[in-house]
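>>> What follows is a predicted structure for the sequence shown.
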Amino acid sequence: MCQALFHPGEHLGLQAWALKIMLSMEPEIVARMMEGLAGYDLGAAFGRAGVPIRAINGDLWPTEIEANRKVAPDFDAVIMPGAGHYPMLERPDEFNRILTDVVNELAGHPTLR
């Protein structure tokens, strides 16, 4: 499962760290987390958010922007090519620049890039 969070052969040190963290968790807690995810209604959560929803995602899996906009019309995403599930750990400097731009946009300030 841990390998599936990264592009093949990428960030091997980070993969090892993530695996160590995952394996150190209590199995009962992990089982409850997974059970909670199975019944979680993301669309309802989007609808209740009451704020613009933004994502900064890697391209390992497709981000369904149009499908997300059906439940949250203002949804938007920035996709980081070549990043996996943890773009903030894989490329923190780039992620932080994007995050700053997104926050500035939401605050009504021009992009500072």
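Arrived safely, thanks for sending.

>>> So in the protein, where's the weakest helix or strand by average pLDDT?
When each helix and strand of the chain is scored by mean pLDDT, DSSP states H and E, helix 42-49 comes last, with a mean of 87.

>>> Show the average pLDDT along the helix or strand following that one.
Using DSSP states H and E, the helix or strand that follows helix 42-49 towards the C-terminus is strand 54-58. Strand 54-58 shows a mean pLDDT of 97.

>>> all strands for the protein, in order.
54-58, 76-80 (DSSP state E).

>>> so can I have a markdown table of these showing distance to residue 44 and mean neighbour count?
Using the backbone N, CA and C atoms, a C-beta is placed for each residue, glycine as well. A markdown table is the format used below for those (distance: least, C-beta to C-beta, whole Å; neighbours: other C-beta atoms under 10 Å):
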| stretch | distance to residue 44 | mean neighbour count |
| --- | --- | --- |
| strand 54-58 | 17 | 17 |
| strand 76-80 | 19 | 16 |
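
>>> could the ones you listed go into JSON lines alongside distance to residue 46?
Formatted as JSON lines, these follow (distance: least, C-beta to C-beta, whole Å):
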{"stretch": "strand 54-58", "distance to residue 46": "11"}
{"stretch": "strand 76-80", "distance to residue 46": "12"}
